[in-house]
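Q: give me the fold of what follows.
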Amino acid sequence: SQRGETVPINDLCASFQHTVCDILCSHVMAAAEQTGDKTIVLAGGVSANSGLRGSMEKACAARGLSLFVPPLPLCGDNAAMVGAQGYYEFLSGNVAGPDLNACATLPIEQ
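A: Sure thing, here's the model as predicted:
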């Protein structure tokens, strides 16, 4: 710390989680309002976070939205699986050139 004071790490982490949950919930609620959707699905590794689950449950209940969350054992993050596959692709010589660019808005259908 700048003044020689100890930063209470538990408080810092709790504040960070609370802020992230607030932002995610507000964005999801805004998207649901904009689209008119009445059903929210919380999935992926982030859905294992109890703070986010609780925040999303409260936000959905307050707006009459349905929330679907998989059971906790099914909420694992697949980053390790993706990384392992990347490793084997690299070993087999399947690599992309430096001109490859991610585009998150490409349509699924071609």
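Q: show me where this protein has strands.
A: Using DSSP state E, the strands of the chain run over 39-41, 66-68.
Q: show me where the chain has its helices.
A: Along the chain, the stretches classed as helices by DSSP state H are 9-35, 50-63, 79-91.
Q: looking at these, which is nearest to V69?
A: helix 50-63 (6.0 Å; CB to CB). C-beta coordinates here come from the backbone N, C-alpha and C atoms, glycine included.
Q: export the strands of the chain to a markdown table and append columns for mean pLDDT, distance to C13 and mean neighbour count.
A: Shown next, in a markdown table, are the strands of the chain (pLDDT from 0 to 100; distance: least, CB to CB, whole Å; neighbours: other CB atoms under 10 Å):
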| stretch | mean pLDDT | distance to C13 | mean neighbour count |
| --- | --- | --- | --- |
| strand 39-41 | 96 | 26 | 14 |
| strand 66-68 | 97 | 25 | 13 |
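Q: that older thread, lowest-confidence stretch among the helices of the chain?
A: Comparing mean pLDDT across the helices of the chain, the weakest is helix 79-91, with a mean of 89.
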